[in-house]
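J.: Just to be clear, the model below is a prediction. Sequence and coordinates:
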Amino acid sequence: MDYRKKIVYHSNYWYNDGLRKAQIRDMSGAIASLRRSLQFNRENIAARNLLGLVYYGIGEVPEALVEWIISKNLRPHDNIAGYYIDTVQSSAKELETINLAIRKYNQCLTYCRQNGEDLAVIQLKQVTAAHPTFLKAHQLLALLYLHTGQYTRARQAVRQARKLDTGNETTMRYMHELTHQKGRKRRRTGKKKEDAVEYSMGNETIIQPRHSRIRQMAGHLAVANIFIGAAIGAALIWFLVAPAVNQSTSDRLNSQMRDYSDQIQSLEAQVSAQTRTLDNYRASGETLEADANQAQTAKDSYENLMAVSAQYDSGEYSDAAMADTLLGVSRDALGESGQARYDELAAEIFPNACERNFNSGTEALEAADYQTAIDALGKVVRMDAGYNGGQALYELGQAYWNNGDSENAAAYFQRVVDEYADSDYAGDAQANLEEIAASQDDTEDGE
């Protein structure tokens, strides 16, 4: 018992630590702390739900959904994760926007590998506009600006990324690089100012180089020698030093490009994982929808079964009325006891109901009221497909055919031929099938 208390204590400790970091938008730190909390206790629902919110806050919607779905499975009732899932799932447009942003992000990575930084920057602007909390998109945009020397824009992108996650290691590394670039620029500016001295004379400020008059005179006398030495030095550099410098520069650029390519591949792998997660979530959503439909069918079936049972016990309802309600019951959706009760009621109700519906259906067919005949005979077939040795199927096919629905008519005639070949109606059904086929061939030839 003490051991379990320690585990719960440590899980809650790291949850509180993650909560504090999330409150100051240190999302990377919050993720690390919350994951550690779940390592101690995977059923810490508060930690898992908060982890999903943190992922959602930096644009990682698929990861957030995964955590919420796990949380919902661990605690199906009284769990706010259900509200989060419903909120995201209810907006199909938002999910499609996120999916499109991920696809565009993947395309940007392809552009980068093909040296198409300009195209990547244009598309990343669209991605960040459509999905403003997509942290990785802001980071890649900052990286591209750094790579192309657009430091002002890079600084803006880094600031936006830091607003989303104040403690992200990648963002901090980009900020350090920008600070380093700014320091070098200041040093160059400072050197230019040191080459001159300023002093005031009256109302005027005079700027004069840091050289005495004697040095200036000496410099004038040595101009010719300097030009000659510069010419010789330039020649030596051109023929001896420049190739080595160019080779060194080329090696350095190649090394930078390799590092850049590794970063892109890493980001691409992460986005691919997100895309797969989103696809899995969609598949899970379809499964959940199917389960919900199945549960609704079972609920409706039990309600209808209970209603019919009450009607039958009261003795105040006709067999036809009770049969209409009983037809709304899906026997396969019931449990063992429910199926047994269904069979009892069907055995008592369906025979009389079939007779009444069959009689009214055939009368409507003779009176050319084909839709009424279809409704009545359709109920008979649903209650007892083999009623009168296949006659109900045959009459229903006739009703559809006379009503202009050759497709359904052919389906019922074919059932008579296949299932009741020895009946008196099989021959007529086969003749009707041949006539329908011939009519369809004439129609196709006319077209």
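T.: Ah, there it is.
J.: Show me the domain layout of this protein.
T.: The chain is divided into the following domains under automatic domain parsing: 2-90, 355-446.
J.: Nearest to residue 280 among these would be which one?
T.: Smallest distance to residue 280 across the domains of the chain (Cβ to Cβ): 7.9 Å, for domain 2-90. Every residue, glycine included, has its C-beta placed from N, CA and C.
J.: okay, the domains of the chain in a markdown table with mean neighbour count, distance to residue 146 and mean pLDDT next?
T.: Output for the domains of the chain, formatted as a markdown table (neighbours: other Cβ atoms under 10 Å; distance: least, Cβ to Cβ, whole Å; pLDDT from 0 to 100):
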| stretch | mean neighbour count | distance to residue 146 | mean pLDDT |
| --- | --- | --- | --- |
| domain 2-90 | 18 | 20 | 88 |
| domain 355-446 | 17 | 66 | 89 |
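J.: Can you tell me which of the ones you listed is nearest to residue 114?
T.: That would be, of the domains of the chain and by Cβ to Cβ, domain 2-90, which comes in at 25.2 Å.
J.: Just the terminal-to-terminal distance for the closest one.
T.: In domain 2-90, first residue to last residue: 44 Å (Cα to Cα, to the nearest Å).
J.: Now the residue nearest to residue 111 when sequence neighbours are not counted, what are its backbone angles?
T.: Excluding the flanking residues, the one nearest residue 111 by Cβ to Cβ, 6 or more residues apart in numbering is residue 120, at 4.0 Å. Main-chain dihedrals, residue 120, degrees, to the nearest 10: phi -60, psi -40.
J.: Surely residue 120 touches residue 144?
T.: Yes: using Cβ atoms under 8 Å, residue 120 is in contact with residue 144, at 5.9 Å.
J.: Name the residue in the two with the higher neighbour count.
T.: Higher neighbour count among residue 120 and residue 144: residue 120, with 25 against 22, using other Cβ atoms under 10 Å.
J.: what residues are up against the more buried one?
T.: 108, 109, 111, 112, 140, 144 (Cβ atoms under 8 Å, 6 or more residues apart in numbering).
J.: chain center to the helix or strand encompassing the third one: distance?
T.: In this case it means residue 111. For residue 111, the host element (DSSP states H and E) is helix 92-113. The chain centre lies 11 Å from the centre of helix 92-113; the measure is Cα atoms, centre = their mean, to the nearest Å.
J.: list the buried ones in it?
T.: Residues 95, 98-99, 101-102, 104-109, 111-112 are the ones in helix 92-113 that count as buried (16 or more other Cβ atoms under 10 Å).
J.: do stretch 162-178 as well
T.: 162, 164-168, 170-172, 174-175, 177-178.
J.: Present those as CSV; the columns should include pLDDT and secondary structure.
T.: As requested, the buried residues of stretch 162-178 are arranged in CSV below (pLDDT from 0 to 100; DSSP: H, G, I helix; E, B strand; the rest coil):
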residue, pLDDT, secondary structure
162, 86, helix
164, 88, helix
165, 85, coil
166, 85, coil
167, 81, coil
168, 86, coil
170, 86, helix
171, 87, helix
172, 86, helix
174, 84, helix
175, 83, helix
177, 82, helix
178, 82, helix
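J.: Let me have those in TSV, extended by distance to residue 279.
T.: What follows is the buried residues of stretch 162-178, written out as TSV (distance: Cβ to Cβ, whole Å):
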residue	distance to residue 279
162	31
164	25
165	25
166	31
167	30
168	26
170	26
171	28
172	32
174	31
175	35
177	35
178	37
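J.: which one of those is nearest residue 316?
T.: residue 164 (67.7 Å).
J.: the strands in the protein, which residues?
T.: Applying DSSP state E to the chain gives strands spanning 196-201, 204-209.
J.: correct me, but residue 65 touches residue 86?
T.: No: applying Cβ under 8 Å, one finds residue 65 not in contact with residue 86, separated by 11.4 Å.
J.: any common contacting residues for those two?
T.: Joint contacts of residue 65 and residue 86 (Cβ under 8 Å, 6+ apart) do not exist.
J.: Tell me where the model's unsure across the stretch 201-350 of the chain.
T.: Flagging of the stretch 201-350 of the chain using pLDDT under 70 yields the residue ranges 201-257, 259-274, 277-278, 281-282, 284-288, 291.
J.: With pLDDT and distance to residue 420 as extra columns, can I get the contacts of residue 120 in CSV?
T.: Output for the contacts of residue 120, formatted as CSV (pLDDT from 0 to 100; distance: Cβ to Cβ, whole Å):
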residue, pLDDT, distance to residue 420
108, 86, 66
109, 86, 65
111, 83, 67
112, 86, 70
140, 89, 69
144, 87, 74
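J.: and of those, the nearest to residue 30?
T.: residue 140 (22.2 Å).
J.: Give me the distance between the closest one and residue 176.
T.: Distance, residue 140 to residue 176, by Cβ to Cβ, to the nearest Å: 17 Å.
J.: what does residue 427 give?
T.: Computed as Cβ to Cβ, the residue 427 to residue 176 distance reads 91 Å.
J.: Then residue 87?
T.: Counting by Cβ to Cβ, the gap from residue 87 to residue 176 is 38 Å.
J.: same thing with residue 337?
T.: 71 Å.
J.: Pretty sure residue 137 sits against residue 129.
T.: No: using Cβ under 8 Å, residue 137 is not in contact with residue 129, being 9.9 Å away.
J.: out of the two, which sits in the more crowded spot?
T.: Taking neighbours as other Cβ under 10 Å, residue 137 and residue 129 compare with residue 137 leading, 30 against 10.
J.: where does that one land on pLDDT?
T.: pLDDT, residue 137: 85.
J.: Count the neighbours of the closest residue to it other than its chain neighbours for me.
T.: Leaving aside its chain neighbours, residue 137 sits nearest to residue 127 (4.6 Å; criterion: Cβ to Cβ, 6+ apart). Per other Cβ under 10 Å, the neighbour tally for residue 127 reads 24.
J.: Hmm, residue 127 is touching residue 101, no?
T.: Yes: with contact defined as Cβ under 8 Å, residue 127 counts as touching residue 101 (4.9 Å).
J.: Report the set of residues contacting both of the two.
T.: Shared contacts of residue 127 and residue 101, defined by Cβ under 8 Å, 6+ apart, comprise 134, 137.
J.: Wait, residue 410 touches residue 430, no?
T.: No: the pair residue 410 / residue 430 is not scored as a contact, 11.2 Å apart, by Cβ under 8 Å.
J.: Okay then, goodbye and thanks.
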